[in-house]
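Q: show me how the following folds:
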Amino acid sequence: MKKRVLVAMSGGVDSSVAAALLVEQGYEVIGVTMQLWDYSQNESSCDPNSKFDTCCSLDDVADARLVAHKLGIPFYVFDYQDDFKENVVDYFTDEYLKGRTPNPCVACNTFLKFDHLLDRAQRLGCDFVATGHYAQIHFNEIYGHYKLLKGNDSQKDQSYFLYSLTQERLEKVLFPVGNLSKPEVRVIAEKYGLVNAAKKESMEICFIPNNDYAKFISNRVQDSDLIKGDIRHEEGQLLGVHDGIHQFTVGQRKGLKVSFANPLYVTRIDSETGTVFAGEEKYLYRSGFSFKKFHMVRDFGNDIDFEVKIRYRSAPCQATLEKNGDFVSLRFKTPQKSVTPGQIAVLYCDNEVVGGGFIDKVFL
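A: Residues are numbered from 1 along each chain as shown. This is a model prediction of the structure:
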């Protein structure tokens, strides 16, 4: 009997090729698009000058449907707008209001694609869920565990976003394009005559019009919810005032709107007082941080030295993992720049994902 796979089809070329490859490999494939955000109803989408870097918009749904028809597979649209608002949009807003910098793509993967969608797949009698992520899964038969590995294309690797996957979920997930490069994926799409073979990639957050985070958040909350306060130099000098800490993130240079002899960066944010601290580049470096909601993909025994990425596009650096009961922290071998509370830090051992979590308290 054929194995049945539910493929999350965003309307982009990666997930479309993932579906095509699974059909080619003999799986019974069902295509599904998650309707996450109503662009016609939310924020300034009625403004013709507003631009979204969409994912799962009406055009994307149409593209996914055309690809499914081309491949001869059934296709469905599942409405997850309420779940997306609660687990992604509200989380995104709340974190910025607290002076932290969230990663909504990780939240979307964790709570939507690899939680709700896996549950739906099981109810439909599917053996697996597949996506177009550039990552790989390897089963170690000797030790009986799964490894989450980087994608072969180092420029497109998306393993960072998948650090929260458990062994139970890895058993039920397929990444058909993980061993391919982006150019190879487009060649396959052209071979199949897929409508989105040359479609551009989405680079920004899908639900933010014009990539204006501050305006998006301001439009969603009351003015009384915004934490306002001073902008101070790390040495104590008052530089100015601001209308809300949600406008700032650690490492930010533009938008401070203060005059100073040297270039200044946001160095830290005190949500209790509303103070945004700024300073020269030398003030950005930190020795480590504590984790919040730390998760390991598999047991690494007594290993403590790993590489860590403190942002998706950051270069990995050497660090030591420290555990004391439930308290987990990381110490860099050399100080690192712009370590940002709320962002995700992911640990690697060579090309394998060790685990990760939210950056919580940052150490000087």
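
Q: OK, contacts around Val17?
A: Applying Cβ atoms under 8 Å, 6 or more residues apart in numbering to Val17 gives the contacts 132, 176-177, 180, 185, 188-189, 192, 194. All C-beta atoms are positioned from the backbone trio N, CA, C, and that covers glycine.

Q: name the nearest of those relative to Glu141.
A: Pro176 (21.3 Å; Cβ to Cβ).

Q: relative to Lys182, how far out is that closest one?
A: In this view, Pro176 and Lys182 are 14 Å apart by Cβ to Cβ, to the nearest Å.

Q: now do Val5
A: Distance from Val5 to Lys182, by Cβ to Cβ: 22 Å.

Q: ok so, going back, can you pick the most crowded of the contacts of Val17?
A: Most neighbours among the contacts of Val17, by other Cβ atoms under 10 Å: Val177, with 29 neighbours.

Q: which element is that residue on?
A: Secondary structure assignment for Val177, by DSSP states H and E: no helix or strand.

Q: wait, doesn't it sit right on Val185?
A: Yes: contact criterion Cβ atoms under 8 Å: Val177 and Val185 qualify, at 5.4 Å.

Q: quick check: neighbours shared by these two?
A: Common neighbours of Val177 and Val185 (Cβ under 8 Å, 6+ apart) are 14, 17.

Q: before we move on, back to that, mind giving me a markdown table with the contacts of Val17 and columns for secondary structure and pLDDT?
A: Formatted as a markdown table, the contacts of Val17 follow (DSSP: H, G, I helix; E, B strand; the rest coil; pLDDT from 0 to 100):
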| residue | secondary structure | pLDDT |
| --- | --- | --- |
| Gly132 | coil | 97 |
| Pro176 | coil | 98 |
| Val177 | coil | 98 |
| Leu180 | coil | 98 |
| Val185 | helix | 98 |
| Ile188 | helix | 98 |
| Ala189 | helix | 98 |
| Tyr192 | helix | 97 |
| Leu194 | coil | 97 |
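
Q: Ala8 - how many residues pack around it?
A: Based on other Cβ under 10 Å, the number of other residues close to Ala8 is 24.

Q: excluding chain neighbours, what is closest to Glu3?
A: No Glu there; residue 3 is Lys. Leaving aside its chain neighbours, Lys3 sits nearest to Asp127 (4.5 Å; criterion: Cβ to Cβ, 6 or more residues apart in numbering).
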